[in-house]
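J.: Sharing a model that was predicted from the sequence below.
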Amino acid sequence: MENNTFNKVRIAGLVVNEIEDMAPKMYPYVEFVKNEDESKGKYSITQLSGEALEIHEVLLPKYQKWYACVLELLQKYYPEKADEFTAAYENAIPYVTLECKPRIPNNHKMQFEFIKYLTAQKTILSHLFSRIASMEITESEPHVESTDVEITSEEIPLEMKVLLFEQTIKPILDEEIQNFRDKMAQEKCTLKEASDLSEEIIASNAADIEQVRSKCDRLVQICQEDELCAENIKQLTPLFNIISRL
């Protein structure tokens, strides 16, 4: 996999958290007016102003661009999830454009509905990451042009890397390491040090990326001492490579 694709997924994971953080800063300011003609809906949303308007002017294009970028990746790498992702977007977008016609004047419910659909999309993004992480990394992957979610060469702040690692990568790593341990046990591998270190990786603090990376590197080294272990650890190579690039 080329860095371009990996960076897109990495940035998408960060951007969706930014979008989620904006919601509680905007929706409390949303106000409603009762429609005289209820055929247009019982209530409409009044025009935003001040801080709420500023947040909305950032949130709406950011969400639309994020959706377009992730959808492109899904269509290429996980097409069976693309329709589900689009359906969640179509349900969520009226709560971002504020063109929905609520039955009750409740901005908390609006926020809840948006976050509900956004969470569904985040779950699909995690599935996409899992799919990409399990792919064989080759130099022959077609180049994917950058789209609307910006990818820069600047170093991502540590706290954002930690957030991405905790929410997206570590759960997948833990699951794959556990699968590795189970398979080693089934095949009666006697390399106890590898089993113990695998358990340590699962128990590691996700906030300490360097420690997790170091333990993963050590596990690879240890597995070279046993033919069975060396063969099974190959399945984790794509994920280890991704962690090494954080």
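T.: Received, thanks.
J.: what does stretch 202-220 contact?
T.: Residues from elsewhere that reach stretch 202-220 (Cβ atoms under 8 Å, 6 or more residues apart in numbering): 161-162, 165-166, 170, 173-174, 177-178, 194, 197-198, 200-201, 233, 236, 240, 243-244, 246. Every C-beta, even on glycine, is put in place using the N, C-alpha and C of the backbone.
J.: and if we set it to 6 Å?
T.: Here stretch 202-220 makes contact (Cβ atoms under 6 Å, 6 or more residues apart in numbering) with 162, 165-166, 170, 174, 177, 197, 200-201, 233, 240, 243, 246.
J.: Toward the C-terminus from the helix or strand of the chain with the lowest mean pLDDT, list the very next helix or strand.
T.: Lowest by mean pLDDT, DSSP states H and E among the helices and strands of the chain is helix 158-164, with a mean of 69. As assigned by DSSP states H and E, the chain's next helix or strand after helix 158-164 is helix 170-186.
J.: And that following helix, what does it pack against?
T.: helix 192-203 (3 or more Cβ pairs under 6 Å, 6 or more residues apart in numbering; DSSP states H and E).
J.: again, 7 Å this time
T.: On a contact count with 3 or more Cβ pairs under 7 Å, 6 or more residues apart in numbering; DSSP states H and E, helix 170-186 meets helix 107-134, helix 192-203, helix 227-233, helix 237-244.
J.: deepest of these, which one?
T.: helix 107-134 (a mean of 18; mean count of other Cβ atoms under 10 Å).
J.: what angle separates it from helix 237-244?
T.: Compare the direction of helix 107-134 with that of helix 237-244 by axes from the mean of the first three to the mean of the last three Cα atoms, to 10 degrees and you get 120 degrees.
J.: which helices and strands sit right next to helix 107-134?
T.: If you count contacts as 3+ Cβ pairs under 7 Å, 6+ apart, helix 107-134 packs onto helix 3-26, helix 50-77, helix 82-97, helix 170-186, helix 237-244.
J.: Nearest to E113, out of those?
T.: helix 82-97 (5.5 Å; Cβ to Cβ).
J.: other SSEs contacting that closest one?
T.: Counting contacts by 3+ Cβ pairs under 7 Å, 6+ apart, the secondary-structure elements packed against helix 82-97 are helix 50-77, helix 107-134.
J.: How far off centre is the last one?
T.: Distance of helix 107-134 from its chain centroid, counting by Cα atoms, centre = their mean, to the nearest Å, is 8 Å.
J.: Minimum distance to A92: which of the helices and strands packed on helix 170-186 has it?
T.: Closest among these, using Cβ to Cβ: helix 107-134, at 3.6 Å.
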